[in-house]
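Q: Sequence and computational prediction follow.
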Amino acid sequence: MSEPLIECIPNFSEGRRPEIVDAIAAAIAAVPGVHILDRHSDADHNRSVITFAGPANGVAEAAFGAIAKAAELIDLDQHRGEHPRIGATDVVPFVPLAGATMAECVELARSLGRRVGEELGIPVYLYEAAATRPERVDLENLRRGEYEGLRSDIQTDPGRAPDFGPSRLGKAGATVIGARTPLIAYNVYLTTGEVEIARKIARAIRHSSGGLRYLKALGLLVEGRAQVSINFTDYTRTSLPRAMEMIRREAAGCGVAVHHSELVGLIPEAALIDAAQWYLQLDQFKPDQVLETRLYAALGQGPGGGTSFLDRLAEGTAAPGGGSAAAHAGAMAAALVAMVARLTLGKKKYAEAQTRMAEIAELADRLRAAQEAAVSLDSQAFEGLMAARRLPHETEPERSAREKAIETATRRAAEIPLQVACDAVASLELAAEVAESGNVNAATDAGSGAAMAVAAFTAAAMNVRVNAAGFSDPAAAEQWQRKLSDLERRARKAESRLHKALKERDKKALVPERNP
């Protein structure tokens, strides 16, 4: 088996002097086995993002070299830019790729943080999955007051003491290091230079202000244009097209329009496929119509030649486990529903069902994408919980921090399979519907999809209940149990509809072929 790969996407507070960014990139590229995948600089933000990947040890060494070089060349006392920042190397996230786990990325973040604090004398804060306190999970909380505010707070406010390194800032500021799932950084430029319009739109769309979940946004002035700077923290829940259309509506209300947009760094292929399918109205699109996807399948590989999910499931490690398998089954259930819906489209015999079948195909595709994402998210949640339980707990502050970290991780470990269960029941209900009114010759496929959905729900519910049993908040645990009870009632009702539909369909089936 090939060595696990980890992605690192450090952000540096320099976007106007390419020679400095070159020097930082050279420090990364000098490490054997590490590959720079992308480099993006913005003069108005005065910020650069370098994306690289490789085995854990190489990525950690490259990140350390980059942080050291940035500290040598960037003076935060002289730095000015549109983007919030607290350090020369502002943030260093690690993301698990092929064969890697979130727990490995958490350990990588913590070991790198300790080394940076001890050897470079730079204060380090841990965030996202590596955070040692609940209030440090979100990057925005750590950037509060930026470099100028942190310079005094770090010495006087115990709540702002770093996880590693001294409680004082030098010219390199502080660095935030962590582990997270893939993030999409996306900027939208408007046909105006009025930055307040961008700020108004950002307030309307971001979750913290009551907008779209899994979306963060700021309004900035870049290249003389108002810019809405966006981070998608879970593109399977809030898609790029949904956010873009909301921006268009908000902009129109202000008398402006979208001028253009840009990506910062890299983007998962699935996010682009989702956007293309939505905007091009490819109602009957199937992901395996992508050339590379079909090629990898023919070669028996995942993208990039990695091992398959089933290979990893059989390895004898704790993750992926039953929760990931539940999501995998849920993805297959949704895929079968989409298949039956598309086998119905374009058939004169089912003319009255065409509109609804197109809707079901799109809904099923979204459910499948969410379940596919949950396969890795569930493993990462479990690994995060294990990492929290391994935190030191010899002193009272350590015990308190560990308890809070375990509570946060347990909540995530329950909420992910709960969403898998919700999506599985939604697929089950759609399976019953396509069994009732879809192509009669694919009725057994609808039944197979329903069976997979039931399996996904059953397995996911087990994971919710085991985490609820040990959760410190009885009210939240009881809410999860009530949700499961409601889902069970919906599932029984859908199964009853399905069995009735299949009996009726058995009488109507005229030919054995799937495609008449």
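A: Structure received.
Q: Roughly how far does the most centrally placed residue in the chain sit from A369?
A: Centroid-nearest residue in the chain, with Cα atoms, centre = their mean: D234, separated by 3.7 Å. Distance check for D234 against A369: by Cβ to Cβ, to the nearest Å, it reads 11 Å. Heads up, the C-betas are built off the backbone N, CA and C, glycines and all.
Q: can you give me the helices for the stretch 351-500 of the chain?
A: With DSSP state H, counting those that start in this stretch as the criterion, the stretch 351-500 of the chain has helices at 354-389, 396-437, 443-469, 474-508.
Q: how about those, which one is nearest A131?
A: For A131, the closest of these is helix 396-437, at 7.2 Å, according to Cβ to Cβ.
Q: Can you give me the neighbour number for Q479?
A: If you count neighbours by other Cβ atoms under 10 Å, Q479 ends up with 13.
Q: likewise R237?
A: Residues near R237, counting by other Cβ under 10 Å: 17.
Q: any idea whether the residue nearest to the centre of the chain is helix, strand or coil?
A: What DSSP: H, G, I helix; E, B strand; the rest coil gives for D234 is coil.
Q: List the contacts of it.
A: Contacts for D234 (Cβ atoms under 8 Å, 6 or more residues apart in numbering) come out as 181, 213-214, 373.
Q: Mind putting those into a markdown table with neighbour count, secondary structure and pLDDT?
A: As requested, the contacts of D234 are exported to a markdown table (neighbours: other Cβ atoms under 10 Å; DSSP: H, G, I helix; E, B strand; the rest coil; pLDDT from 0 to 100):
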| residue | neighbour count | secondary structure | pLDDT |
| --- | --- | --- | --- |
| T181 | 18 | coil | 86 |
| R213 | 10 | coil | 91 |
| Y214 | 16 | coil | 91 |
| A373 | 21 | helix | 78 |
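Q: could I get those residues as CSV with distance to N467?
A: CSV is the format used below for these (distance: Cβ to Cβ, whole Å):
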residue, distance to N467
T181, 19
R213, 21
Y214, 21
A373, 19
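Q: Confirm for me that P162 is in contact with L126.
A: No. With contacts counted by Cβ atoms under 8 Å, P162 stays clear of L126, the gap being 9.1 Å.
Q: Which one's more surrounded, those two?
A: L126 (25 against 22).
Q: Surely the more buried one is within a helix?
A: No. Secondary structure of L126 (three-state DSSP): strand, not part of a helix.
Q: quick one: it from R110, how far?
A: Look at L126 and R110: by Cβ to Cβ, they are 6 Å apart.
Q: repeat for V434
A: Look at V434 and R110: by Cβ to Cβ, they are 48 Å apart.
Q: What pLDDT is listed against S485?
A: pLDDT, S485: 92.
Q: Give me the number of neighbouring residues for it.
A: By other Cβ under 10 Å, 11 other residues sit near S485.
Q: Got phi/psi on S261?
A: S261 adopts backbone torsions of phi -140, psi 170, taken as degrees, to the nearest 10.
Q: so who does it touch?
A: Neighbour list for S261: 186-189, 244 [criterion: Cβ under 8 Å, 6+ apart].
Q: Could you do N467 as well?
A: Contacts for N467 (Cβ under 8 Å, 6+ apart) come out as 410, 413-414, 417.
Q: tell me which of the contacts of D234 is nearest to L120?
A: Among these, and counting by Cβ to Cβ, the member closest to L120 is T181, at 27.5 Å.
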